[in-house]
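Peer 1: turn this into a structure:
(3 chains)
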Amino acid sequence: MAPIVCLLTDFGDSDAYAASMKGVLLSLCPELNLIDITHQIAPQNVLSASYLLYSAWDYFPEATVFICVVDPGVGSERKEIICRLEDKYVVCPDNGTISLLMRMKKQLSCFVLQREAIENIMDRKISSTFHGRDIFAPAAALICNQKQAELMHRQTDPLLIPHVHTENDKKNQLLKGKILHIDGFGNCISAIHKSQLTQPFSRPVELKSQKIKINVINNTFSDVVPGRPVAYWGSMDFLEIGVRNGNASLTLGISQTDEVALSL
Amino acid sequence: MAPIVCLLTDFGDSDAYAASMKGVLLSLCPELNLIDITHQIAPQNVLSASYLLYSAWDYFPEATVFICVVDPGVGSERKEIICRLEDKYVVCPDNGTISLLMRMKKQLSCFVLQREAIENIMDRKISSTFHGRDIFAPAAALICNQKQAELMHRQTDPLLIPHVHTENDKKNQLLKGKILHIDGFGNCISAIHKSQLTQPFSRPVELKSQKIKINVINNTFSDVVPGRPVAYWGSMDFLEIGVRNGNASLTLGISQTDEVALSL
Amino acid sequence: MAPIVCLLTDFGDSDAYAASMKGVLLSLCPELNLIDITHQIAPQNVLSASYLLYSAWDYFPEATVFICVVDPGVGSERKEIICRLEDKYVVCPDNGTISLLMRMKKQLSCFVLQREAIENIMDRKISSTFHGRDIFAPAAALICNQKQAELMHRQTDPLLIPHVHTENDKKNQLLKGKILHIDGFGNCISAIHKSQLTQPFSRPVELKSQKIKINVINNTFSDVVPGRPVAYWGSMDFLEIGVRNGNASLTLGISQTDEVALSL
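Peer 2: Numbering: from 1, shown residues only, chains lettered A, B, ... in the order given. This next block holds a predicted model:
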């Protein structure tokens, strides 16, 4: 069975950047099954990357390797990391990409990625602007060739971006979550996970900056009439705000800087 | 030879939705050749899906499985169907997706897709919002694993969207066709097929809502000067309206609600 | 090891055009590894195609076949060509697509592509509007099946687009290069290659039509403060103009008709 490598970047689909990574991967490990998660993450949106990585993770079989490159700090001093959970791996910059996976998968372990192992197998020098091709693709190929030990000498605590917290207002405890990601339909996916509620929930969902309240968490879009906002537990069990047959982000003016609050 | 699965959705390329489907497919059937037809169908545009499915169908080898998910009714009572022609299959919602294929391929047979067969092989419950991942991807994997009989107990007449008809005006018989699809170049592909004309055609092509007449059906773009509209039999033998080196949809104001008429 | 075929077109990602090509390829050669470089080249932008083809070329292993179809002249008298360098091949229209590869790889040899070899293996006629599916895909499959000799009877000098030259102004020699490609981040990639400078360079980089001067060629984005323009040798060693954490093309008003000049 060919090893699977999943690619997740903000490189877009209009250049040869992702293809060059695939060429490097296939040159080092010819029998790969290469899967694009997406290359359309908004430029430098590490939180979206964090969500999309997590949302694909469980659906891929054992021994899948994920390459996740949303890298505003390329060429600076930020580290590269390699993280493992059972037999799955992800290689990415140490910039918060791993935040949601770390929150949901406590057993994940992280290591500083050893560049020397890559320099040993590549005959080109590492460029200053394209580490996806020059570091992360060869790192993933090393893992597929069972040489991951060469990349993983030193364990590390990765940089994490906080995206959910509780606070008290005058009378209630509030559970607040950032918008992790706005999908292509305009659905707004918050960081509040179903597992954080200990009982079925029936109080209003509030979008803090927008002063919008939604009075109930529904099951799916067709529980409201077309054009109306709906809060529901999405396909990854995070609380989402949508509009039936519409675009919630545009219609309701929700951006990724907004927060969703639940009054507990 | 690895079975081929083609994916055709309106999920866009900026999320992990299509990738999650691929993960499910590879988890159930590791040796697949996964081909994206497109995930950029305009949201909920079932007629475009119908055209794109048909336009790819004949070019793929025997035993290809198509997953076509443009599904405004997800979570409602609409059925899922599985359709077979010789050794090719398509799984899709029963919402008209199959319309053009049914018109052009009379031998296609359709069955209600049995959800029980899927629940038997999946350890997750079916979500309310993402049947591409939770129903259609495992259904396609079952077919690739030669277990399609489990999905196909009850034959059905699928929902069909009418897209071509004849009518009589004062003096002529008119052949009228909807715009099935507007491609990325702006070419407007009508539902009128070359096989509907019994002899070479030389009367004007009329775009009903636009009051545009084109006096001849040409062979290709370079038969007119740059910037001019051109009617021609496209690469699938449907009548198309284009503009040489331009975008017919934008230039001529053609949308998918327009109709093309031929005076017979 | 499955042969690799790379696809590079301006067909976009919203139609079934690229998928139909893949269906033809898999029908003629079932064990292929199909890689999309991009289908998002700006319509008819042959110079971008030329750059993207070159920028992927070296990263793919031996025996890769590239199909590059940006073809404003489809259906007219322009020839199709097949080019070889060692064991890699590219098939494309003879319209300048091969220009940058010819400049950088002197050993490349070009042949008129023999349509007869394709007509012999296809049972459909060649359409007037879709040579990607009807000519270039079967040509690539022939190469993968080791039958390239049938396609390559007559050597030819391909059409080349000039994109770099030197000229003298009042006091200096100027090295001028077109903008080959503007990438998805807005970085503007010029035709000036690092190998054209015989010594490290420290004079201003000038964007001719924009009257912008950049005083030094830096190493990477983080050498300037966010929002500032930066000139640097990009990941393919061409001179690029970027803006740190920004879009140079939009911010600086650079288009593909501009030229970059170095005062030697």
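Peer 1: quick check: residue A:120 is in a helix.
Peer 2: Yes: assessed with DSSP: H, G, I helix; E, B strand; the rest coil, residue A:120 lies in a helix.
Peer 1: which residues in the stretch 151-264 of chain A form helices?
Peer 2: Using DSSP state H, counting those that start in this stretch, the helices of the stretch 151-264 of chain A run over A:248-252.
Peer 1: and the residue of it found nearest chain C, how close does it get to residue A:240?
Peer 2: Nearest to chain C in the stretch 151-264 of chain A, going by CB to the nearest CB, is residue A:184, at a distance of 12.5 Å. Using the backbone N, CA and C atoms, a C-beta is placed for each residue, glycine as well. According to CB to CB, to the nearest Å, residue A:184 stands 13 Å off from residue A:240.
Peer 1: that older thread, and the residue of the stretch 151-264 of chain A closest to chain C, what does it touch?
Peer 2: B:11, B:12, B:13, B:14, B:15 (CB atoms under 8 Å, 6 or more residues apart in numbering or on different chains).
Peer 1: most neighbours out of those, which is it?
Peer 2: Within these, most neighbours by other CB atoms under 10 Å in any protein chain shown means residue B:11, with 28 neighbours.
Peer 1: pretty sure it sits against residue B:17.
Peer 2: Yes: using CB atoms under 8 Å, residue B:11 is in contact with residue B:17, at 4.1 Å.
Peer 1: mind listing the shared neighbours of the two?
Peer 2: Joint contacts of residue B:11 and residue B:17 (CB under 8 Å, 6+ apart) are B:39, B:132.
Peer 1: sorry, back to before: skip the chain neighbours and tell me the closest residue to the residue of the stretch 151-264 of chain A closest to chain C.
Peer 2: With sequence-adjacent residues excluded and distances taken as CB to CB, 6 or more residues apart in numbering or on different chains, residue A:184 is closest to residue B:12, at 3.1 Å.
Peer 1: so the one you found, which of the three states?
Peer 2: coil.
Peer 1: can you add pLDDT and give the contacts of residue A:184 back as JSON lines?
Peer 2: JSON lines is the format used below for those (pLDDT from 0 to 100):
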{"residue": "B:11", "pLDDT": "94"}
{"residue": "B:12", "pLDDT": "95"}
{"residue": "B:13", "pLDDT": "95"}
{"residue": "B:14", "pLDDT": "95"}
{"residue": "B:15", "pLDDT": "96"}
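Peer 1: nearest to residue C:161, out of those: which one, please.
Peer 2: Nearest to residue C:161 among these: residue B:13, at 30.2 Å, using CB to CB.
Peer 1: distance of the closest one from chain C?
Peer 2: 6 Å (CB to the nearest CB, to the nearest Å).
Peer 1: if I read this right, the residue nearest to residue A:184 contacts residue A:186, doesn't it?
Peer 2: No: with contact defined as CB under 8 Å, residue B:12 does not count as touching residue A:186 (10.5 Å).
Peer 1: how about residue A:136, what does it touch?
Peer 2: Residue A:136 touches A:21, A:67, A:69, A:80, A:91, A:92, counting by CB under 8 Å, 6+ apart.
Peer 1: narrow those residues to those in helices?
Peer 2: residue A:21 (DSSP state H).
Peer 1: ok, residue A:49 touching residue A:40?
Peer 2: No: if you go by CB under 8 Å, residue A:49 and residue A:40 don't touch, sitting 11.1 Å apart.
Peer 1: which residues are common contacts for these two?
Peer 2: Taking CB under 8 Å, 6+ apart as the contact rule, residue A:49 and residue A:40 both touch residue A:10.
Peer 1: who has more neighbours out of the two?
Peer 2: Between residue A:49 and residue A:40, residue A:49 has the larger neighbour count (other CB under 10 Å), namely 31 against 21.
Peer 1: what helix or strand does the more buried one sit in?
Peer 2: helix A:46-57 (DSSP states H and E).
Peer 1: show residues contacting that helix.
Peer 2: Here helix A:46-57 has contacts from A:6, A:8, A:10, A:37-38, A:41-42, A:66, A:68, A:70, A:72, A:88, A:90, A:92, A:95-101, A:104-105, A:161, A:163, A:178, A:180-182, A:189, A:235-236, A:256, B:15-16, B:19-20, B:23, using CB under 8 Å, 6+ apart.
Peer 1: in strands, which of those residues fall?
Peer 2: Residues of the contacts of helix A:46-57 located in strands (DSSP state E): A:6, A:8, A:37-38, A:66, A:68, A:88, A:90, A:92, A:178, A:180-182, A:189.
Peer 1: pLDDT weak spots in the stretch 151-264 of chain A?
Peer 2: The stretch 151-264 of chain A contains residues with pLDDT under 70 at A:200-202.
Peer 1: which single residue in it comes nearest to chain B?
Peer 2: For the stretch 151-264 of chain A, CB to the nearest CB, closest residue to chain B: residue A:184, 3.1 Å.
Peer 1: ends of stretch A:131-145, how far apart?
Peer 2: 20 Å (CA to CA, to the nearest Å).
Peer 1: stretch A:146-158 too?
Peer 2: 23 Å.
Peer 1: and that stretch, what's buried?
Peer 2: A:148, A:151, A:152, A:158 (16 or more other CB atoms under 10 Å in any protein chain shown).
Peer 1: how close does the second one get to residue C:59?
Peer 2: Distance check for residue A:151 against residue C:59: by CB to CB, it reads 21 Å.
Peer 1: right, I'll call it a day here.
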